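Novice: Predicted structure and sequence below. I'll ask about it afterward.
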Amino acid sequence: MDRKIRVGAVSYLNTLPLIDGFKKGLLQNEMDLIEAYPAHLAGMLMGDEIDVGLVPVAVMPKLKEAHIISKYCIGASSPVCSVCLFSDVPIEEVKEVLVDYQSRTSAALLKILLQKYWKQHPLLIDAQSGFEEKFGGHTAALIIGDRALQQRQRNNYIYDLAEAWMQMTSLPFVFAAWVANKQIPESFITQFDEATGLGLQHIDDIVKANPCPYYDLHTYFTKNIDYRLDAKKLEGLNLFLEML
């Protein structure tokens, strides 16, 4: 490739360990880093505005080519805490759900869980910016990312989507992976994978540099998020893509 590789990453706290090496200047001569929310990144990868993205895995079937280029991901092997259905009433009493506009995978996962696990059929409404302030009563909301961590103080009922998926399938879940929409040089992939794994060796430093008043980031990075894309996570990912 005779130009810099355009790499898109999610602008959430959970991405910080995976982009720490890039923020410190690794591969700066080989790539440009662009940050956006997940659904926007997915659109950029589909529109060939970026070459590689840490994108919601639900977009993979929509790409002409989809190559996972890293053994790191945004995954969960226990409750993830930042992808949840928030409600004032039990799920059986929810009439409608405002669905976070920032996510594709979480929205798709919610539909699967409502149908196959909770066996409920509320009306799903695509939410607009600011929707987090506008739900209550029998209207629940799917909220993801940093805003979900803040929302945890405010609702009586919190349904963690990763936890529900694991109870249903006995498999971990992958929310986002490093996906390329074309063949990327092997030499770049090797360096990229090393760089994106580097931050996992410096979790304490990353937590210190990013004070978070509403959630313990050390717990988040080491217990809630599971960054390694191992065989079990690939199995979970493939099952999810089949269910789509």
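Specialist: Now that the structure is in, tell me what you want to look at. Values in this document were obtained by computation on a predicted structure and should not be read as measured data. Numbering: from 1, shown residues only.
Novice: Skipping adjacent residues, who's closest to the spatially most central residue of the chain in space?
Specialist: By Cα atoms, centre = their mean, the chain has its centre lying nearest to residue 175, at 4.1 Å. Using Cβ to Cβ, 6 or more residues apart in numbering and skipping residues adjacent in sequence, the residue nearest residue 175 is residue 74, 4.7 Å away. Bear in mind the C-beta positions are built from the backbone N, C-alpha and C, glycine included.
Novice: Would you mind pointing out the helix or strand that neighbour falls in?
Specialist: For residue 74, the host element (DSSP states H and E) is strand 67-76.
Novice: ok, then the element right after that strand?
Specialist: Following strand 67-76 toward the C-terminus (DSSP H and E): strand 83-87.
Novice: Quick one: list the elements packing against the following helix or strand past that next one.
Specialist: Going down the chain from strand 83-87, the next helix or strand is strand 96-99, by DSSP H and E. Strand 96-99 sits against helix 105-113, strand 123-126, strand 139-144, with contacts defined as 3 or more Cβ pairs under 8 Å, 6 or more residues apart in numbering; DSSP states H and E.
Novice: Name the residues that touch the first one?
Specialist: It stands for helix 105-113. Contacts to helix 105-113, defined as Cβ atoms under 8 Å, 6 or more residues apart in numbering, come from residues 38, 56-59, 83, 85, 97, 99-100, 124, 142, 144, 161, 164-165, 168, 173, 175-176, 240, 243-244.
Novice: how near is residue 169 to residue 43?
Specialist: 28 Å (Cβ to Cβ, to the nearest Å).
Novice: Helix, strand, or coil at the residue nearest to the centre of the chain?
Specialist: On the three-state scheme (DSSP: H, G, I helix; E, B strand; the rest coil), residue 175 is labelled strand.
Novice: what does residue 49 give?
Specialist: Under three-state DSSP, the three-state class of residue 49 is coil.
Novice: cool, residue 234 as well?
Specialist: Classification of residue 234 using three-state DSSP returns helix.
Novice: Count the residues that sit near the residue nearest to it when sequence neighbours are not counted.
Specialist: Excluding its sequence neighbours, the residue lying closest to residue 234 (Cβ to Cβ, 6+ apart) is residue 174, at 7.8 Å. By other Cβ atoms under 10 Å, 26 other residues sit near residue 174.
Novice: so what's residue 174 up against?
Specialist: 57, 73-75, 229, 233-234, 236-237, 240.
Novice: How much space separates it from residue 106?
Specialist: For residue 174, the distance to residue 106 - Cβ to Cβ - is 12 Å.
Novice: what's across from residue 83 in the sheet?
Specialist: Assessed by DSSP bridges, residue 83 has beta-bridge partners residue 144.
Novice: quick one, what contacts it?
Specialist: 76, 103, 106, 109, 142, 144-145, 148, 160-162, 175.
Novice: and with 6 Å instead?
Specialist: Residues in contact with residue 83 (Cβ atoms under 6 Å, 6 or more residues apart in numbering) are 106, 144, 161.
Novice: what's the closest non-adjacent residue to the last one?
Specialist: Read it as residue 161. Nearest to residue 161 is residue 83, by Cβ to Cβ, 6+ apart, at 4.7 Å.
Novice: how close does the one you found sit to residue 147?
Specialist: 11 Å.
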